[in-house]
Structure formats: structure tokens, C-alpha cells
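> just coords:
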């Protein structure tokens, strides 16, 4: 299962033909007359699996894992493996092949928002971030180092962040980067993290790997970016909702007539053609703003344009509607229009979004785009370590597994990476229970009782409930978070002791 391979020179450009992962790894396992069972997997690598995978730690350092895709999940998986002494060959098709959503050659590119969302422990994604911080996540470390002010959220300078991830990955002595498009699922050990924008060739290869299993999909969209200098600050002001934290957002007020005219124009604006797109095929957490406008006249006022907690200093009152802009880079020269994911044609974006009073002369440095996201029917295919149920030495990670969001993708890459390292070194698999956000996400994507599987952000509803009553939603969520972090601290203490 773990054929030792010679180390390759850093940033090698040579690639060879790859055989189908299930076929090749399955042949290796059959030669050894050893079979992995789900029972062994759940026991943490005991029994026959242990006899196949056990190696001295010195030998483990010479093992190689192929990681395909250098997005958030792939970089996190590669880093965790490399930090545990395992050599990683990281294959990334950029910059040789780009997609319409990609704009730079760096790894871990944030193709939509520059925000990793809420940072408070009363928020489930805030808990997930804190778990990853305590587990020494590469992505969270780089995000913190490139933080830009965004009230209670963790937002980053997207280019500084991606550049830092790229530098750390390329300079790690246990990681070799190969710039090439992968066209086959490699024989294990491997982690596939090609993301929702997987190339056609790799998408076909994954489908063949799973015996023709059909992909499911939804459509995702990115918000436009404007220069700060082009915003009319006489019609806008800096503030955070409810004055929490620093005044980090630019707030653009709209009165009732302005709002109604804007919604009417937005609802009828011309969209760019996207093959197979229908409104029902969007992910609810990243819905195009024009789709929201068509759902009802007040939908936007209860969504991204809600005015609650934002008083206009000129009037002392909350406006009828408010468009918020968040800093997109450390210099504060570029801002993104929060919640304005869109797939309108570019001229229509300029026409309609310029109807926002403070953006009447806005300079757009990037228009919004839409892309089709594909994901696996994970409950039928993957276990709680993000590994193939039939071949535990081939794992998948990132949004293609059905976790939705930057932080969730990072968490899947973390767990896939540390689990793969444990298998190769003959160590017990990490046991993240459903009381933790990491464990709850993994349990969700591998829950065979789920009938119609859909992508999901982390939320407190998928974590194990408390065994006691706590008054107040915020207090209850905080208690759940404290319970989780106590378990994480216990796990990290045990790992450091071994």
C-alpha cells in the first residue's frame, strides 16, 4: 500500500501517466491479502489495517502522498501531511490552465468574497475557526497575518493571503509542487481537492473512478469590486452594524423610492448566459442578488440590504435600505459590495449597481461572475475521514465533498490530511466527535441516512446538543463552543504528549 518513492526535486515539472486509483491501490491491497474494513476505520486504524500500514516513523518520512489541487483544502492537507514528516507531491493546474473565476497564479485563491465570515464563538463558523487555530492550521495562520478590518468578521487581503500560503507551501522541504493538470485519480495514498471548479478532464476521471457516479451541482457567484476613491462618501459613512468593533464597513443609504427603483431594475436586468442555470440551482448561502430581488420586493431589505443596527449620522435614523461595502485589500483601496454575488452581464452590472446613490460614479475593478460548482454524493461515497469507503487511501477534500465555505473547506482538508498521515504511520486515526465543529461537518457529509444531500455551511444544528438547558441562544451557542474547545485542547494535549 505504501510503496516508497525517491524524493523529487522541488517544483518538478515532470509528470507521468497515472493509473486509476481504485484499480491500482486495490491491486496492491489484494497482493497483500489485506482488506480495510469500516469497522477497522472506526476503531482508529487497529486490526489488519494496522498490520499493513505500520512502519517506523523514520520510514514514514520517506512516504509520499499525492495531493491534487492547491486551493484552501489542498494546501491545508498538504501542509498537515508535510508537518508530520510525509513527503507531498502537490499538483496544481494553475497557472498553465485557469478558469474564468481565477485571477492570479497563487495558491488558495479566494474566488468569491475575501471574508472568512464571523469570528465570534457564538457563531458556528467562529467556533470552527478557533478549532483550526488551536490545531495549527496553515490557512488560519495566513488569514490572521493578512487580516483586514471587518467588524466582527475575519476578512483578509486576498492577494497577501494567497501569496503567503503559496510561499509557505513552496518553501516547505517536504512538499514538491508540480504545475500540471491532473487527468486521473492517482493510486493512493492521495488526497483529491480540485474544488468545485474541477477541470473537465479531472471531473471525468473522478466520475470514472467512482464507477460512473453522477455529480450533483449548484451555481455560485462572486460579488463585484469597486475602488474606494470612486465612492461618493457624501452619501455614505463608515460604521459596523450595532457599532460592534471598529467602523469597518462603508454604508450606502437608500430611501424607499431609490430602493424600489433599484429592485425593479435589478429584477429585469439582462443576465449572462450560464448553461443549465435556473434560480432553483443556486446555493442559498451564496445566492445571486438578482435572484433574491425576484423573490419579493422586500427580500433584499431582509437580506444583504437590511438597515437594522445602522444609523445614518446625517439623520440619526436607520435608512430604508443600506448597501454595505467591505475592504478587500490591506491598503483599503478596493472594496467589495457585500452580498452582491451576481451573474448579470457586465454592462448591466455597471448600469444597475450605479443606481446605488453612493456608487453613481463607481469604478469597477472586477465585475461579478458566476460558475457551476460540482460536488460528490458524499454520504454514499465517503467516510468520516473524507476517504473513499472502498479505498481509504484515496481521500477527497474541499467544496467538492459538500462542505460549503472557505473555513469548512479548510477543515475538510485538515482532517483528510491528518487522517491520511495517521494511516500511513500506523497511528490511531484522529477521533473528532460530533461535539466539535470539525467532527460534526465530517459526520454530516458521511451520514448515509441523508436522503437528498446538499452542500452545507457549518451550523450549531449539526453539533451534538448540550445535555443541559441553557437560557438564551447566544449563551447556549457559547456553551456548545466551550465544550468543543475543551475537547480540542484535550486532543492537542494528547498529540503533543506522544
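Sure, I can see it. Here the structure is a predicted model, which means the values were calculated and not measured.
> tally of neighbours for residue 397?
Residue 397 has 34 neighbours, counted by other CB atoms under 10 Å. Where C-beta positions appear, they are placed from N, C-alpha and C, glycine not excepted.
> how far away is it from residue 422?
As judged by CB to CB, to the nearest Å, residue 397 and residue 422 stand 15 Å apart.
> Let me see the contact set for the residue positioned nearest the centre of the chain.
Nearest to the geometric centre of the chain sits residue 406, at 2.6 Å (CA atoms, centre = their mean). By CB atoms under 8 Å, 6 or more residues apart in numbering, residue 406 lies in contact with 72, 110, 116-117, 139.
> 10 Å instead, please
Counting by CB atoms under 10 Å, 6 or more residues apart in numbering, residue 406 touches 71-73, 108, 110-117, 125, 129, 139, 143, 154, 156, 398-399.
> Separate out the buried members of those.
71-73, 108, 110-117, 125, 129, 139, 143, 154, 156, 398-399 (16 or more other CB atoms under 10 Å).
> In helices only, show me these.
If you go by DSSP state H, the buried ones among the contacts of residue 406 have 72-73, 125, 129, 139, 143 in helices.
> wouldn't residue 265 be in contact with residue 289 here?
No. Between residue 265 and residue 289 there is no contact under CB atoms under 10 Å: 11.7 Å.
> ok, longest helix in this protein?
With secondary structure taken from DSSP H, the chain has its longest helix at helix 473-497.
> Quick check: buried residues in that one?
Buried residues in helix 473-497, counted by 16+ other CB under 10 Å: 476-481, 484-485, 487-488, 491.
> Now tell me what touches that helix from outside.
Residues outside helix 473-497 that contact it (CB under 10 Å, 6+ apart): 120-124, 126-128, 130-136, 418, 427-428, 430-440, 460, 463-470, 472.
> Now restrict those to buried residues only.
Neighbour counting with 16+ other CB under 10 Å marks 120-124, 126-128, 130-132, 135, 418, 427, 430, 432, 434-440, 460, 463 as buried within these.
> Which of the residues you listed fall in helices?
Reading helices off those with DSSP H, I get 124, 126-128, 130-132, 418, 437-440.
> could you dump these to a markdown table with pLDDT?
Listed next are these as a markdown table, based on pLDDT from 0 to 100:
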| residue | pLDDT |
| --- | --- |
| 124 | 92 |
| 126 | 93 |
| 127 | 96 |
| 128 | 97 |
| 130 | 96 |
| 131 | 97 |
| 132 | 97 |
| 418 | 98 |
| 437 | 96 |
| 438 | 97 |
| 439 | 97 |
| 440 | 94 |
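> Looking at those residues, which one is closest to residue 254?
Closest to residue 254 out of those is residue 126 (29.9 Å), distances taken as CB to CB.
> from memory that closest one sits against residue 407, does it?
Yes. Using CB under 10 Å, residue 126 is in contact with residue 407, at 9.2 Å.
> ok and the helix or strand hosting residue 412 relative to helix 473-497, angle-wise?
Secondary structure from DSSP states H and E places residue 412 in helix 406-424. Interaxial angle, helix 406-424 versus helix 473-497 (axes from the mean of the first three to the mean of the last three CA atoms, to 10 degrees): 30 degrees.
> check contacts around residue 384.
Residue 384 touches 38, 41-42, 415, 419, 429, 431-432, 434, 439, 441-447, counting by CB under 10 Å, 6+ apart.
> Show me just the buried residues among the residues you listed.
Among the contacts of residue 384, those scoring as buried are 41, 415, 419, 429, 432, 434, 439, 441-446 (criterion: 16+ other CB under 10 Å).
> Looking at these, which is nearest residue 246?
If you rank those by distance to residue 246 using CB to CB, residue 441 comes first, at 30.5 Å.
> Excluding sequence neighbours, find me the nearest residue to residue 248.
Spatially, and ignoring its direct neighbours in sequence, residue 248 is nearest to residue 149 (4.1 Å; CB to CB, 6 or more residues apart in numbering).
> State the phi and psi torsions of the one you found.
The phi/psi pair for residue 149 (degrees, to the nearest 10) reads phi -60, psi 130.
> Determine the number of other residues adjacent to it.
The number of residues packed near residue 149 is 16, by other CB under 10 Å.
> For the stretch 101-250 of the chain, just list every one of the strands.
Assigned strands in the stretch 101-250 of the chain, in chain order: 115-118, 147-148, 153-156, 175-179, 190-192, 216-221, 225-227, 236-239, 249-254 (criterion: DSSP state E, counting those that start in this stretch).
> The shortest one pairs with which strands?
What it means is strand 147-148. Applying DSSP bridges, strand 147-148 is found paired with strand 153-156 (antiparallel).
> And the contacts of the partner strand?
Residues outside strand 153-156 that contact it (CB under 10 Å, 6+ apart) are 110, 113-120, 123, 125-126, 129, 140, 142-150, 161-162, 164, 240, 245, 248-249, 326-330, 336, 338, 406-407.
> residue contacts, residue 175?
Going by CB under 10 Å, 6+ apart, residue 175 touches 10-11, 67, 70, 75, 78-79, 81-82, 86-90, 168-169.
> go on, residue 207?
185, 213-215, 374, 376.
> Likewise for residue 447?
The contact partners of residue 447, taken as CB under 10 Å, 6+ apart, are 378-379, 384, 453, 462.
> repeat that for 8 Å
Contact analysis of residue 447 by CB under 8 Å, 6+ apart lists residue 379.
> ditto for residue 446
Shown in contact with residue 446 (CB under 8 Å, 6+ apart): 378-379, 382-384.
> hmm, 10 Å instead?
Counted by CB under 10 Å, 6+ apart, residue 446 has contacts 378-387, 389, 401-402.
> And for residue 443?
384, 432-434, 436, 462-464.
> For the residue sitting furthest away from the middle of the chain, pull up the helix or strand it's in.
No residue in the chain sits farther from the centre than residue 315, which is 39.9 Å out by CA atoms, centre = their mean. Using DSSP H and E, residue 315 falls within no helix or strand.
> got a list of what it touches?
By CB under 10 Å, 6+ apart, the contact set of residue 315 is residue 253.
> quick one: it from residue 309, how far?
Distance, residue 315 to residue 309, by CB to CB: 15 Å.
> what about the stretch 1-150 of the chain, any weak spots by pLDDT?
1-62, 100-102 (pLDDT under 70).
> Which residue ranges of it form helices?
Taking DSSP state H, counting those that start in this stretch to define them, one finds helices in the stretch 1-150 of the chain at 21-31, 38-42, 48-53, 57-60, 72-83, 124-134, 138-145.
> how about the spatially closest residue to residue 128 that is not a sequence neighbour, what does it touch?
Spatial nearest neighbour of residue 128, chain neighbours left out: residue 437 (4.1 Å); criterion: CB to CB, 6+ apart. Counting by CB under 10 Å, 6+ apart, residue 437 touches 124-132, 407-408, 411, 458-460, 462-463, 480-481, 484-485, 488.
> same deal with residue 93?
Taking CB under 10 Å, 6+ apart as the criterion, residue 93 is in contact with 68-70, 99, 102, 178-183, 194, 198-199, 201-202.
> wait, which of those is closest to residue 230?
Nearest to residue 230 out of these is residue 102 (CB to CB; 25.1 Å).
> returning to what we had before: compare residue 265 and residue 289 (neighbour count), which wins?
A direct count of neighbours by other CB under 10 Å for residue 265 and residue 289 places residue 289 higher, at 28 against 16.
> For burial, what's the neighbour tally of the residue nearest to that one when sequence neighbours are not counted?
Once flanking residues are discounted, residue 289 sits nearest to residue 340: 4.9 Å by CB to CB, 6+ apart. Residue 340: 26 surrounding residues under other CB under 10 Å.
> ditto for the one 10 residues further on
Residue crowding around residue 350 was assessed by other CB under 10 Å; the count is 16.
> for the helix or strand containing it, what is the average pLDDT?
If you go by DSSP H and E, residue 350 is part of helix 346-353. Regarding helix 346-353, the rounded mean pLDDT is 95.
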